[in-house]
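Visitor: Quick one: sequence and predicted model below, then my questions.
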Amino acid sequence: MPELPEVETTRRGVAPTLENAVIETVTVRHTGLRWPISETLAAVLADRRVRKVERRAKYLLVRFDHGTLLIHLGMSGSLRFVPPGTPPTKHDHVDLHLHDTVLRYRDPRRFGALLWHEGDPATHPLLARLGPEPLEDAFDGDYLYRATRTRRQAIKQVLMDNHMVVGVGNIYANEALFLAGIRPDRPACRLGTEETTRLAEAIRGVLARAIDAGGSTLRDFVGAGGEPGYFQQTYAVYARAGEPCRVCGTPVVQIRQGQRSSFYCPGCQPC
DNA sequence: AAATAATCCTGCGGGC
DNA sequence: TGCCCGCAGGATTATT
């Protein structure tokens, strides 16, 4: 389940090969993603040169002179380079054929998206109203404090709201709250400035460390390898209900927030 | 404005 | 062996 670090790792993995390369042809086997892939996408991309591969939130932005291909990996999407002629398997929905390699989009659950947008990507409806990037300077304790004053919802759910800050999914929301020593069900507006500062730093830290860890998997993007091995790292609380906290030994507690599971340590996150 | 629910889809583990 | 069920999950969209 790609979170922001996986998407950034993917960007770094594909950018060296993709940038300045020409997309010769495009094969679309299955248009049924989160939104249907445009019937004209293949024609729009054919014989066009990739200029840059960027990222906004969890969207990859493949920029051409005449527009941008937005790629979202959803829950189960991945991009891999495979040798030309590699037979597709069940969930390999799209191939971008470069001169001597193929960038293959795979997505078993089909929650992802490939969308074409002309003009400034920032104006796309899906990107226009997103909150700040967690790793950029605009996101800090002061911002988080000010932005949460009117929010009575639980802090964990607010962190996962893309209008507040982008790229914080269920795993890292839980992990960051543990690192900051804040219970996930605290009303966001009740956090003090020290807490929002700790939390903002915890979010930045946990994401930056995960991106660093992903760097070791970059070689997997070239060649025919198996699945990316990224992010089987150990978590402090995520998916560890009933197991002892790695810091204090207190059993990790699981609760339900907005149809999502949350995990916290009552010892390290007393309130 | 803010909060909540529903929704897309497949794979997997548990129970039987 | 295999079926049914529940759950997992990002993020939009609709609804209250």
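Guide: Sure thing, it's come through.

Visitor: same for the longest strand anywhere in chain A, what does it pack against?
Guide: Across chain A, the longest stretch assigned as strand under DSSP state E is strand A:48-56. With contacts defined as 3 or more C-beta pairs under 8 Å, 6 or more residues apart in numbering; DSSP states H and E, the packing partners of strand A:48-56 are helix A:4-18, strand A:22-23, strand A:59-64. Every residue, glycine included, has its C-beta placed from N, CA and C.

Visitor: what sits up against that strand?
Guide: Contacts with strand A:48-56, where a contact means C-beta atoms under 8 Å, 6 or more residues apart in numbering, come from A:7-8, A:11, A:14-15, A:18-23, A:60-66, A:121-122, A:127, A:130, A:133, A:166.

Visitor: can we see that at 7 Å?
Guide: Residues from elsewhere that reach strand A:48-56 (C-beta atoms under 7 Å, 6 or more residues apart in numbering): A:7-8, A:11, A:14-15, A:18-23, A:60-66, A:121, A:127, A:130.

Visitor: of those, buried ones?
Guide: A:7-8, A:11, A:14-15, A:18, A:21, A:23, A:60-62, A:64, A:121, A:127, A:130 (16 or more other C-beta atoms under 10 Å).

Visitor: if we can go back for a sec, so for the longest strand of chain A, what gets flagged as buried?
Guide: Of all the residues in strand A:48-56, those buried under the rule 16+ other C-beta under 10 Å are A:48, A:50, A:53, A:55-56.

Visitor: And for stretch A:141-149?
Guide: A:141, A:143-145, A:147-148.

Visitor: which ones are touching the residue of the stretch 1-150 of chain A found nearest DNA strand C?
Guide: Nearest to DNA strand C, among the residues of the stretch 1-150 of chain A, is residue A:58, at 3.4 Å (C-beta to the nearest atom of the strand). Each residue near residue A:58 by C-beta under 7 Å, 6+ apart is listed here: A:2, A:4, A:7, A:72-73, A:167.

Visitor: Reformat those into CSV and put pLDDT and distance to DNA strand B next to each item.
Guide: CSV is the format used below for the contacts of residue A:58 (pLDDT from 0 to 100; distance: C-beta to the nearest atom of the strand, whole Å):
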residue, pLDDT, distance to DNA strand B
A:2, 81, 14
A:4, 91, 19
A:7, 92, 18
A:72, 94, 11
A:73, 93, 13
A:167, 91, 18
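
Visitor: Which one of these sits in the busiest neighbourhood?
Guide: The most crowded member of the contacts of residue A:58, judged by other C-beta atoms under 10 Å, is residue A:167 (26 neighbours).

Visitor: Three-state assignment for it, please.
Guide: The local conformation at residue A:167, judged by DSSP: H, G, I helix; E, B strand; the rest coil, is coil.

Visitor: Report the contact partners of it.
Guide: Applying C-beta under 7 Å, 6+ apart, the residues near residue A:167 are A:3-4, A:57-58, A:133-134.

Visitor: And residue A:97, by the same measure?
Guide: The contact partners of residue A:97, by C-beta under 7 Å, 6+ apart, come to A:23-26.

Visitor: now for the residues you listed, which pair is the farthest apart?
Guide: For those, the farthest-apart pair by C-beta to C-beta is A:24 and A:26; their separation is 8.6 Å.

Visitor: How about the residues of chain A by DNA strand C?
Guide: Neighbours of DNA strand C within chain A, by C-beta under 7 Å from any atom of the strand: A:1, A:3, A:34, A:57-58, A:72, A:74-76, A:109, A:111, A:125-126, A:160, A:162, A:167, A:169-171, A:239, A:259-261.

Visitor: Pull out the buried members of those residues.
Guide: Among the residues of chain A next to DNA strand C, those scoring as buried are A:3, A:34, A:57-58, A:72, A:74, A:126, A:160, A:167, A:169-171 (criterion: 16+ other C-beta under 10 Å).

Visitor: Now for these: which two are most distant?
Guide: Largest separation among these by C-beta to C-beta: A:126 and A:171, giving 22.1 Å.

Visitor: OK, now which residue of chain A is nearest to DNA strand C?
Guide: Residue nearest to DNA strand C within chain A (C-beta to the nearest atom of the strand): residue A:169, separated by 2.8 Å.
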